[in-house]
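Q: Return a 3D structure for these sequence lines:
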Amino acid sequence: MLTNERHEMILNLLAEKQTVNINELIELTAASESTIRRDLNELETLNKLERIHGGATVNGRISQEPSILDKSTKNLQEKIGLAKYAASFVQEGDCIFLDAGTTTVQMIPYLQNKQVIVVTNGLTHVDSLIEHGITAYLVGGYVKSKTRALVGPQTIQSLHDYRFDKCFLGVNGFHLEYGYTTPDPEEAAVKRLASSLARTTYVVADHSKYNKVSFSSITALEDAVLIVNDFQQEAIESLKKKTTVEVVAR
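A: Presented below is the predicted three-dimensional model:
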């Protein structure tokens, strides 16, 4: 079977079911798993679908939270560039909230020697914060296994004890109309409160999150400074009409 024929079959099934897994596509096309994974990667590059753990979903709407393992390896170099740039906004002696996430964790090495205080709900952040000698506070709460984030009523209660100079958030999508979103309402509540307790909020997101909408609203686009890597110029200009956008050159 030719590649374009497989691609057409994959997209037709995706249009019908909204979400498909790799085994379904293997059965449909009689292709190998490695071939299907390559097809999905190519179709994602063409912005035809969104890869998720074990399969794919329709582009533009995120209904399932990817695991931290899935997210940590995706667009890694872009995330490091974004994180380095985001860290440049942190001043000596700032008290900051560092959201759980695979982009925000990359900021930690660039905070070293700034004498900052970091409050976080990200379990994956702790070792790096200690390693780099950064004063850190971990909020309480329920450990969400998929993202290693602390969430829930105890997290909300803990956050009320703090005030921040700056807040740095990760998101699953940013959209001109629907703002910043994430799949989990509990994580959204933590992000929203942390933002309200900060003088300035920054959302750090790579270009793949553009025009994506997830289940739970965090805040409106204009409520945060968006730090994003350079991508479609037309999209960036549209975003700049809504909020402050800091673009990191590739």
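
Q: gap between residue 141 and residue 189?
A: Using CB to CB, to the nearest Å, residue 141 is found at 11 Å from residue 189. C-beta here means a position set from N, CA and C on the backbone, and glycine is covered the same way.

Q: Common neighbours of the two, please.
A: Residues touching both residue 141 and residue 189 (CB atoms under 8 Å, 6 or more residues apart in numbering): 151, 156.

Q: buried stuff in the helix ranked longest in the chain?
A: Identified as the longest helix of the chain according to DSSP state H is helix 3-17. Residues of helix 3-17 classed as buried: 6-7, 9-11, 13-14 (neighbour count, 16 or more other CB atoms under 10 Å).

Q: what does stretch 156-172 give?
A: Applying 16+ other CB under 10 Å to stretch 156-172 flags 156, 158-159, 164-172 as buried.

Q: In strands only, show me the residues you listed.
A: When the buried residues of stretch 156-172 are checked against strands (DSSP state E), the matches are 164-169.

Q: Out of the residues you listed, which is nearest to residue 85?
A: residue 168 (11.3 Å; CB to CB).

Q: any idea how far residue 107 is from the closest one?
A: In terms of CB to CB, residue 168 sits 7 Å off from residue 107.

Q: which of the buried residues of stretch 156-172 sit farthest apart?
A: Across these (CB to CB), the longest gap, 25.4 Å, separates 165 and 172.

Q: about what we covered before: of the buried residues of helix 3-17, closest to residue 32?
A: Nearest to residue 32 among these: residue 6, at 11.1 Å, using CB to CB.

Q: I'd assumed residue 29 was in contact with that closest one.
A: Yes: with contact defined as CB atoms under 8 Å, residue 6 reaches residue 29; the gap is 5.0 Å.

Q: Quick check: neighbours shared by the two?
A: Residues touching both residue 6 and residue 29 by CB under 8 Å, 6+ apart: residue 35.

Q: Give me the buried positions along the helix or strand residue 195 falls within.
A: Element membership for residue 195, per DSSP states H and E: helix 185-196. Using 16+ other CB under 10 Å as the test for burial, helix 185-196 gives 186-195.

Q: if you average pLDDT over that helix, what comes out?
A: For helix 185-196, the mean pLDDT works out to 96.

Q: Check stretch 99-114 too.
A: 95.

Q: tally of neighbours for the closest residue to residue 136 other than its chain neighbours?
A: The shortest distance from residue 136 to any non-neighbouring residue, by CB to CB, 6 or more residues apart in numbering, is to residue 129 (4.1 Å). Each residue near residue 129 was counted by other CB atoms under 10 Å, and the total is 21.

Q: returning to what we had before: could you name the helices and strands sitting against the next helix or strand after the helix holding residue 195?
A: Counting by DSSP H and E, the element after helix 185-196 in chain order, helix or strand, is strand 198-205. Here strand 198-205 touches helix 76-87, strand 164-169, strand 225-229, going by 3 or more CB pairs under 8 Å, 6 or more residues apart in numbering; DSSP states H and E.
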